[in-house]
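Peer 1: okay, here's the prediction I keep looking at, along with the sequence it came from:
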Amino acid sequence: MQPFVTHTGIVASLDRANVDTDQIIPKQFLKRIERTGFGQYLFFDWRFLADGSLNSQFELNHPKMNGASILLARRNFGCGSSREHAPWSLADYGFRVIIAPSFADIFFSNCFQNGILPIRLPEEDIAELFQRASRDQPYRLSASLETCLLTDDAGFSRSIEIEPFRRKCMLEGLDHIGLSLRQSKSILEWETAHGLADSKAV
Amino acid sequence: MTTTPRTLLEKIWDEHLVCSPEGEQPILYVDLHLVHEVTSPQAFEGLRLASRKVRRPETTFATLDHNVPTTDRRLPIADPISAQQIDTLRHNCQEFGVRLFDLGDADQGIVHVIGPELGLTQPGMTIVCGDSHTATHGAMGALAFGIGTSEVEHVLATQTLRQSRPRSMEVRVDGILPHGVTAKDLVLYLIGKLSTEGGAGYVIEYTGQVIRQLSMEERMTVCNMSIEAGARAGMIAPDSKTFDYLRGRDHAPRDFDKAVARWEQLPTDALAVYDRVELFKAADVVPQVTWGTNPAQVIGVDGTIPDPANFSDEADRSSAIRALEYMGLESGRQVVDISVDRVFIGSCTNSRIEDLRAAADVVRGHQVSSSVHAMVVPGSGRVKRQAEQEGLDTIFLNAGFEWREAGCSMCLGMNPDTLSPGERCASTSNRNFEGRQGKGGRTHLVSPAMAAAAAIAGHFVDIRTWHYR
Ligand code: SF4
C-alpha cells in the first residue's frame, strides 16, 4: 500500500449528508474483477447526464474543483454496502483525504486499506471548511500524519484524531495481512485450544 | 470464583480474541466465512499474487447470488462481464478448495438466506462476509458483520480479522406487535427512530418481549437491517426457538445436545451492562412505508408525505428536499394514494418461506393490478422448492406475479432485473437509495404483505384493512 505521510491538495466540497456507496460507485460497475480503473465511474449517476455528457450542476464538475484530491462532505459518508469498490473508485479518481463529521463503519475501515485518510471533524469545523471552500478560487488543505494536523494557509488548523495502529500502518504503508501473519503462532494456539488445529500447517 | 456479568457480544468477543499485540488492533478469530462473486475476485487475486493459501477452506463457503440471472438457468448468461465474474468465482473456489453453491446446485441462494438454512450459522460464532447485510446471521445469536474486500483477503489468508472492540447497544422493544404489523415494519420503525447513523460504532442486541416472540425468520429480518441504522451488527440471544430451528439442519453440530448446553450459556447475564440502551414500545408501530432515499426516511402507511420545512436539522431538511424531488412526491400526499408500477418480493430481508407465505395469503383469490409488473424471487433453491410444495407458486402465478429463480435480483439490480427511470416500486428489500434498483428508479421499502397488497391494488394499502380471501 502507498504510504501516507502528508498530502496537500484542492478541496472538492460535496454538500450532502448520507452519501451512500451506491452513489459513490453504482452497481453496474461492480462486475469488474480488477481492483483498478474504477475512477471513471465515481459518482457516475451524479457526474454524468443520461446522454453521457458531464452534468455541469454536479459539484465535482465545477472547474475550480478540477484536480481535487481532498473531498469534503456532510455526515454519515459512505453508508450502505460494504463494497470496497467505493474507496477504490475514490482513490483511482485521485482522492487521498475525505473529511466529514462522521463515516459509516465499513467504509471507514475500507479507506485505511487503500491509502485514503478519512478525517472526522466536529460539525462546526465542517461548516467552517464548507465556508472557506465556497469562495471562487480553488481551496487547498494539507493533511499531515506526522504532525496529525489538518491546515490551510489562512489560519485553519485542527488536529486529526486517528488510532495509533492505523496511523502507523498508513505512515509505513504496511501490508495488513503480512502484519497479521506475524501472529501465526497465536492463531495456531487459538485453533489448538479449540480443537481445530489437527491438520493445519504453521 | 465470580465472573463479571457479560453481554452476549462480550462473551463471543472474549471467546474469539486471538491476541491484542501491543499498539495494534486486536485480532479476532473467524468461525465462518461466506463469500460471493462480487466482493471476492480481487481478494483471491491478492492471495494468488502473494502465493498465499486459504487457511481454513472447510469453514469458507461461497455462493453465486448478487449478479446471477433469475430467469431460466439453462440459458447462457447474456452479459459477458457478469459471466466472467461468475466464472471467476467458480475458478477461485476450485483452485483454493472452497465449497461453492453453484447455479445448478439445489442449495444455491442468497448468502444470508442459505447460511442459516443449511445450519452453517450457529449461536456463538463469529461470521463475516464481504457484504453489509451479514448482520442477518446475528439472529441466531452469532456475531456477524460485513467486511470489505481487503478484509476478505485477510480472512482467507489468516482466518482472523483485525477489529476494534465495538460498543454494545441494547434495543429493547416491549409489548406485542399490533395486528398487521410485521418484523419488517418493526425494523423500519426502529431505523426511523435511531437514524441511518444512530448505530455507528455499536453492535445492537435486540431484546424484549416482542423479540422473544418473533420467529427465526422474523428475527433475521430485524437483524438484517441493523446496518441501515449504521450498526455493524445486530444480534438476538439464542433460545429454544433458535435450537429448534437448527436441529437436524445439514451442518448442525453432530452432538447437538452438547452444543445446546454450550449455547445456553450465551445470553447476556442479568447484571451485564450495555454501553447504551434504547427503549421502544411495540404498540407504537404501524405498517411502514419509506418515502425517501434512505431507510430512515420512513412513515406509517396511514400518514402523509412529510414537509421538509418541519425538519429542524439542516442536513435532514436538505436531504428530504432532494429525496422528494428524486422520488417525485409532494409533501402532504397520503401514502395510500401513491400508485406503484412494480412490485418486488425478495432479497435477504424478506425472501424466506414465511415471507412468501405472508405475501401469498394476501394475494390468494386476487389479481395483480393491470398497471403493475410484479415478481417474486425466492431467497434460495430450498425456499423455492418448499414454496412450490405448499402451492404458493400457483397462487402467485395465477394472480399474475412472475415466479423466479433464487438470487439478489432487483434488490440491487446488478442482473437484468432493474427498474426503468421514473418507475415506482414497492419492494421488500432493504435499501431505497437513489438508483439502487436501477438508475432513476423509485423504491419504497415495505413488508411482504404490504408489497403484495400494493401489487393487487396498484397503490399502497393499509394492510390492517385488507380483505383476505
Ligand atoms: S439481497 Fe440485496 S442486500 Fe441482500 S445480499 Fe443480495 S444484494 Fe445484498
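Peer 2: Great, that's in hand. Computed from a predicted structure; not experimentally measured.

Peer 1: enumerate every residue touching whatever residue of the stretch 51-200 of chain B ends up closest to the ligand.
Peer 2: Nearest to the ligand, among the residues of the stretch 51-200 of chain B, is B:H133, at 4.5 Å (CB to the nearest ligand atom). The C-beta positions use only the backbone N, C-alpha and C, and glycine is treated the same way. Residues in contact with B:H133 (CB atoms under 8 Å, 6 or more residues apart in numbering or on different chains) are B:H112, B:G146, B:N224, B:M225, B:I227, B:C348, B:T349, B:N430.

Peer 1: is stretch A:161-170 anywhere near chain B?
Peer 2: Yes. Using CB under 8 Å from any CB of the partner chain, stretch A:161-170 reaches chain B at A:E163, A:P164, A:F165, A:R166, A:K168.

Peer 1: right, and the pair among the contacts of B:H133 with maximum separation?
Peer 2: The span of the contacts of B:H133, defined through CB to CB, is set by B:G146 and B:T349 at 14.2 Å.

Peer 1: could you check which of the two has the larger neighbour count?
Peer 2: Between B:G146 and B:T349, counting by other CB atoms under 10 Å in any protein chain shown, B:T349 is the more crowded of the two (31 against 23).

Peer 1: next one: B:E218 from B:M140, what distance?
Peer 2: B:E218 sits 13 Å away from B:M140, taking CB to CB, to the nearest Å as the criterion.

Peer 1: neighbour count winner among these two?
Peer 2: B:M140 (29 against 22).

Peer 1: that one is in contact with B:K241, isn't it?
Peer 2: No. Here B:M140 lies out of contact with B:K241, judged by CB atoms under 8 Å, at a distance of 10.1 Å.

Peer 1: which neighbours do the two have in common?
Peer 2: Listed as contacting both B:M140 and B:K241 by CB under 8 Å, 6+ apart are B:M216.

Peer 1: show me how chain A divides into domains.
Peer 2: Domain segmentation of chain A under automatic domain parsing yields A:6-162, A:175-202.

Peer 1: list the buried residues for the shortest one?
Peer 2: Same thing as domain A:175-202. Across domain A:175-202, burial judged by 16 or more other CB atoms under 10 Å in any protein chain shown covers A:H176, A:I177, A:L179, A:S180, A:L181, A:Q183, A:S186, A:I187, A:L188, A:W190, A:E191, A:L196.

Peer 1: in helices, which of those residues fall?
Peer 2: In helices, defined here by DSSP state H, the members of the buried residues of domain A:175-202 are A:H176, A:I177, A:L179, A:S180, A:L181, A:S186, A:I187, A:L188, A:W190, A:E191.

Peer 1: with adjacent residues omitted, what lies nearest to B:Q386?
Peer 2: B:I353 (5.1 Å; CB to CB, 6 or more residues apart in numbering or on different chains).

Peer 1: what is the burial count for that neighbour?
Peer 2: B:I353 has 22 nearby residues by other CB under 10 Å.

Peer 1: what does B:G192 give?
Peer 2: Neighbours around B:G192, by other CB under 10 Å: 19.

Peer 1: that one - that's part of a helix, no?
Peer 2: Yes. Assessed with DSSP: H, G, I helix; E, B strand; the rest coil, B:G192 lies in a helix.

Peer 1: burial of B:L188, as a residue count?
Peer 2: B:L188 has 27 nearby residues by other CB under 10 Å.

Peer 1: right, and it touches B:V298 too?
Peer 2: Yes. Using CB under 8 Å, B:L188 is in contact with B:V298, at 4.9 Å.

Peer 1: overlap in contacts, those two.
Peer 2: Common neighbours of B:L188 and B:V298 are listed as B:Q288, B:T290, B:L445 (criterion: CB under 8 Å, 6+ apart).

Peer 1: now, which of those sits nearest A:R140?
Peer 2: Using CB to CB, those come closest to A:R140 at B:T290, 39.7 Å.

Peer 1: contacts only, for B:P267.
Peer 2: Counted by CB under 8 Å, 6+ apart, B:P267 has contacts B:L8, B:G141, B:A237, B:P238, B:D239.

Peer 1: ok, the residues you listed vs chain A, which is closest?
Peer 2: B:G141 (17.9 Å; CB to the nearest CB).

Peer 1: does the closest one really touch B:L8, like I thought?
Peer 2: Yes. With contact defined as CB under 8 Å, B:G141 counts as touching B:L8 (6.6 Å).

Peer 1: common neighbours of those two, please.
Peer 2: B:M235, B:A237, B:L266, B:P267.

Peer 1: can you list those residues in JSON lines and add secondary structure and pLDDT?
Peer 2: Shown next, in JSON lines, are these (DSSP: H, G, I helix; E, B strand; the rest coil; pLDDT from 0 to 100):
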{"residue": "B:M235", "secondary structure": "strand", "pLDDT": "98"}
{"residue": "B:A237", "secondary structure": "coil", "pLDDT": "98"}
{"residue": "B:L266", "secondary structure": "coil", "pLDDT": "98"}
{"residue": "B:P267", "secondary structure": "coil", "pLDDT": "98"}
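
Peer 1: top of these by neighbour count?
Peer 2: B:M235 (32 neighbours).

Peer 1: circling back to that earlier point, of the shared contacts of B:L188 and B:V298, buried ones?
Peer 2: By 16+ other CB under 10 Å, the shared contacts of B:L188 and B:V298 give B:Q288, B:T290, B:L445 as buried.

Peer 1: for chain A, which segments count as helices?
Peer 2: A:21-24, A:44-47, A:85-93, A:105-112, A:123-133, A:164-172, A:176-181, A:184-193.

Peer 1: relative to B:L34, which of these is closest?
Peer 2: Of those, nearest to B:L34 by CB to CB is helix A:105-112, at 15.3 Å.

Peer 1: which other helices and strands does the closest one contact?
Peer 2: helix A:85-93, strand A:117-120, helix A:164-172, helix B:149-158 (3 or more CB pairs under 8 Å, 6 or more residues apart in numbering or on different chains; DSSP states H and E).

Peer 1: so the first one versus helix A:105-112, what angle?
Peer 2: Which is helix A:85-93. Here the directions of helix A:85-93 and helix A:105-112 differ by 30 degrees (axes from the mean of the first three to the mean of the last three CA atoms, to 10 degrees).

Peer 1: where does the chain have low pLDDT?
Peer 2: No chain in the question, so chain A it is. A:198-202 (pLDDT under 70).

Peer 1: think we crossed wires, I meant chain B
Peer 2: B:1-2.

Peer 1: name the residues of it found near the ligand, please.
Peer 2: B:65-66, B:110-112, B:131, B:133, B:347-348, B:408, B:411-412, B:429-430 (CB under 6 Å from any ligand atom).

Peer 1: ok, back up a step: I'd say the residue nearest to B:Q386 and B:A387 touch.
Peer 2: Yes. When contacts are counted by CB under 8 Å, B:I353 is listed as touching B:A387 (6.3 Å).
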